[in-house]
Structures are given as structure tokens and as C-alpha cells.
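Visitor: dropping the sequence and predicted coords here.
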Amino acid sequence: MSKAFLLIKNMLGGSQEPLTATSPRSLGQSNNALRLNPAFADVVLLVGETQKEVYAHAAILAQNCEYYNRALADRWTSTDTTPLGNKTFRAVLTHPDVTVDVLNIVLEFIYTGTTKVPDEHITSVCLFADQLVLPLLVDQCIKHYTDYLLCPNNAFDFYVLCHKLSRDGAKGAAILTVLDGFNEAIQHGGHAILELGDDELRRVLMFHMLTPEQRWRIVIAWVKLRQGVEDVALEHGLGDDFNLEHGREDVKDLIPFVGYSRSQGYYTAYVVPYLDILEDGLVALLKGHFVPLVIQGNETWGADLLPNSAILNRSSFQTLCNLVNSNIKLITPTETKLLFRASEHGFSNAKFHQQCDGKGDLFVLIKTAGGELLELIQTLRGILWVNGFLSRKPSCFHSQVDECT
């Protein structure tokens, strides 16, 4: 810009930049004052069971909240109004499952873009904000809960909240907090487990850092609470009024997700008192895993397997037993039976899996065509195969060879 032009511009007056005018009162403050003044309200929200009247403004609700935008969409073109008392309003909406305090907290966020959420209301605000499709408010509540409020006493409650909100990424933080104080988590948050469906409870049990003992405690707490037994402590048994038949039905599909401890002391103290709620087959499985078979002296493991073997002759079988004896000092078979699958047997996958059903600690074996010693490839311990069910871990491998003798 030339000096001559600047001189002329300054002589004529004016400025290079337009004025930016400001008000000492922010738009948020003005909107909040409007929210608190019912004089210009054209929407009434009926809150809670008592249908307490809270006044609001359709334009602001529709602009800043997707839920209200949809709820009020047809009210812009319709000339109909809704009478309430001696007044008429553009719309009357109901929120029967929320309190006035929670509604006002969320309305302040809608009107001003900011709000203070007391800790005692954070769960309710989170759920109501999710209902109103306010993901930003939900995310901030979840983050605050995770950073400042999460502890063993409320860890299961937080897990249930995340489940309701479909915030799967935050569930891990809840379970890790459970592990920080497991007994406190079960004692204070056990009731929250009841809000989970069977499928979600299984997902909790599948969390890899939980021990079998902790999974067992969760299962027993869940089974007790379903029958109204308030004392979920594993040490205190079922109680005289516990319905064993219902308990068996509740627990039977959860056992494969528990895993198996290697502590006979734990089994005796905390599992044996609950054997009455297990079916006979499950009792056998638990005993097979919790009560170990220790190999001592010249005792040979597997002597009673031979009649059930589909392939091994006595010589190769004895060699296999010696190999197992020398490498595995603690074996806990649930049922002493050797399974084998080879291509010439004509087994289908379904048939093989059916034979594996209910078996644990399965060995993977390969036998060469020349009849050499079967080679122990891998041993999977403490894992149960349940046919047709997604087990906690891969439960068995099987070998398939071209020939066998």
C-alpha cells in the first residue's frame, strides 16, 4: 500500500480492521439466565414420578441436543399447541426416570456448553446424557470417573455403567481396579454383577488377569445374589434357604470359564462346600483339576489308559508313560482316556470334538508311519474342552497323519 494512499485513507477516516465488540456477559451466562426464567419458555419437561415441571426453550434444545431436535422436529411446522394448566406450550415432554437435579445439570450443559457434575450424580448424569445423545458429556463423565472416582468398592458398578453405555474401552480399567482390591470389590459391588446378562458375565470371567480363584468367587457371588443371599463371602457357604436346583441351573454354563486352580487347599476350603450346586459330571471335572495326582516312586501314570487306547501297543505306550513321567511331575487328568485322530480313521471334526467333550489336560501326539515313538508335542493343562462352545482358550490340538500302524 503506497504512502499516498495511506495519507488519503487517514484523511478520510476509517480503520484497517473492523471493530470487535464484546459484552461483559457471555452468551453462556445469558442462556443460563434464560433457562432459569420460565417467562419465555415454550417447552415443559415433566420430570420423575411426580412429573415436576421444568421449563425450557425449543430453539435452544433443538440446536444443541440431537434427542430434542428429533423430539421437537414436527413441532416447527405444526400449529398445534399443548395446554398445561392455564398456558399452552409448543411441546410437553416427559422424563420419568430422571431427577430434577440431574435434568438441570444436563440442561445447563445444553444451554451453556459447561456444567458442574457432583460426584454423587455422575452415574445418573452419564446415563441421562447418553439417552439424550450427548456423547461429549458422557465421555467427560467417564474420564472423570476413571481418573478420580474409580476404586475397588465401585469397580463393578463402573463396569456395569460402561456396559450400559457401550464403552468397552473403559471396562478394562474397571477389572484392573477389581484386581487391586478383589475382596472389597466383591463385598461392596457384588450387586452390580446382577445387572449383567449371562453373556456379559462370561466376558468378565474371560478377562485374562483374573485367577481361577477370583473367577470362582465371582460366580458364587452371582449365584447367591440371584437368590437374594446378601452374604456373598465364599467362606460362609450357601445358607439354609438356598435353592440347590436353581443354583445348579445358574452355575452349570459358567464352570468352563472359571479355569482350574492347582491348590488342593483352596479346593478343600472354598470349592468343596459348594459341590452340592454342581452336577455330578462337573464335580468330577473339578476334582480332577483341584485334587492333583502326584507321580511318586515307580508308580506309572496312565496304566489304566491302555484298554481305551485306539492305537498304542503296550511297548510304545509304556515308553510314552515314561516320557510323561520324566517331564511332568504333576498331572491332573479329569478322565483317563486316550484319544487319537488320524486320517485313515475317517473321523470327522465333529466326531473328534465330541470325543473331546468334557476332557481336560489333553495331550497332542503324532505317530509316524514307521511306528516310532509318539512324540509329545504340547500339553495343555487346566483347560477344558466344551463341544460347541467358545472356551476361554484353545482347548486342544489334534494330529492328522497319512498313515499309522
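Guide: The structure has been received and is ready for your questions.

Visitor: for residue 166, grab phi and psi.
Guide: In terms of degrees, to the nearest 10, the main-chain angles of residue 166 are phi 60, psi 40.

Visitor: check contacts around it.
Guide: Under the criterion of CB atoms under 8 Å, 6 or more residues apart in numbering, residue 166 has no neighbours. Using the backbone N, CA and C atoms, a C-beta is placed for each residue, glycine as well.

Visitor: next one: residue 62
Guide: Applying CB under 8 Å, 6+ apart to residue 62 gives the contacts 68-69, 72-73.

Visitor: burial of residue 172, as a residue count?
Guide: With neighbours defined by other CB atoms under 10 Å, the count for residue 172 comes to 13.

Visitor: please disregard the earlier target; I meant residue 63.
Guide: Residue 63: 11 neighbours (other CB under 10 Å).

Visitor: what's around the residue nearest to residue 247 when sequence neighbours are not counted, how many residues?
Guide: Counting by CB to CB, 6 or more residues apart in numbering, the nearest residue to residue 247 once its immediate chain neighbours are dropped is residue 277, at 3.8 Å. Counted with other CB under 10 Å, residues neighbouring residue 277 total 23.

Visitor: tell me how far residue 277 lies from residue 67.
Guide: Residue 277 sits 45 Å away from residue 67, going by CB to CB, to the nearest Å.

Visitor: likewise residue 198?
Guide: Distance of residue 198 to residue 67, computed by CB to CB: 31 Å.

Visitor: does residue 214 really touch residue 181, like I thought?
Guide: No. Between residue 214 and residue 181 there is no contact under CB atoms under 8 Å: 11.7 Å.

Visitor: between these two, which one's more packed in?
Guide: More crowded of residue 214 and residue 181, by other CB under 10 Å: residue 214, with 20 against 15.

Visitor: counting contacts, what elements does the host helix or strand of that one pack onto?
Guide: Secondary structure from DSSP states H and E places residue 214 in helix 212-226. With contacts taken as 3 or more CB pairs under 8 Å, 6 or more residues apart in numbering; DSSP states H and E, helix 212-226 sits against helix 182-193, helix 198-205, helix 244-251.

Visitor: name the residues that touch that helix?
Guide: 179, 182, 186, 190-191, 193-194, 201, 204-205, 210, 231-232, 234, 238-239, 242, 246-247, 250-251, 254-255, 257-261, 263, 266, 270-271, 274, 277, 382.

Visitor: pLDDT below threshold where in the chain?
Guide: Counting by pLDDT under 70, the low-confidence segments of the chain come to 1-16, 20, 22-25, 75-86, 260-262, 282, 284-405.

Visitor: domains for this protein, by residue range?
Guide: For the chain, the TED database gives the domain ranges 29-118+127-132, 314-385.

Visitor: show me where the protein has its strands.
Guide: For the chain, the strands defined by DSSP state E occupy 43-47, 52-56, 82-84, 87-89, 91-95, 293-294, 330-331, 363-366, 375-379.

Visitor: neighbouring strands for the first one, and are they parallel or not?
Guide: When pairing is defined by DSSP bridges, strand 43-47 lines up against strand 52-56 (antiparallel), strand 91-95 (parallel).

Visitor: turn those into TSV, columns for mean neighbour count.
Guide: TSV is the format used below for these (neighbours: other CB atoms under 10 Å):
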stretch	mean neighbour count
strand 52-56	18
strand 91-95	17
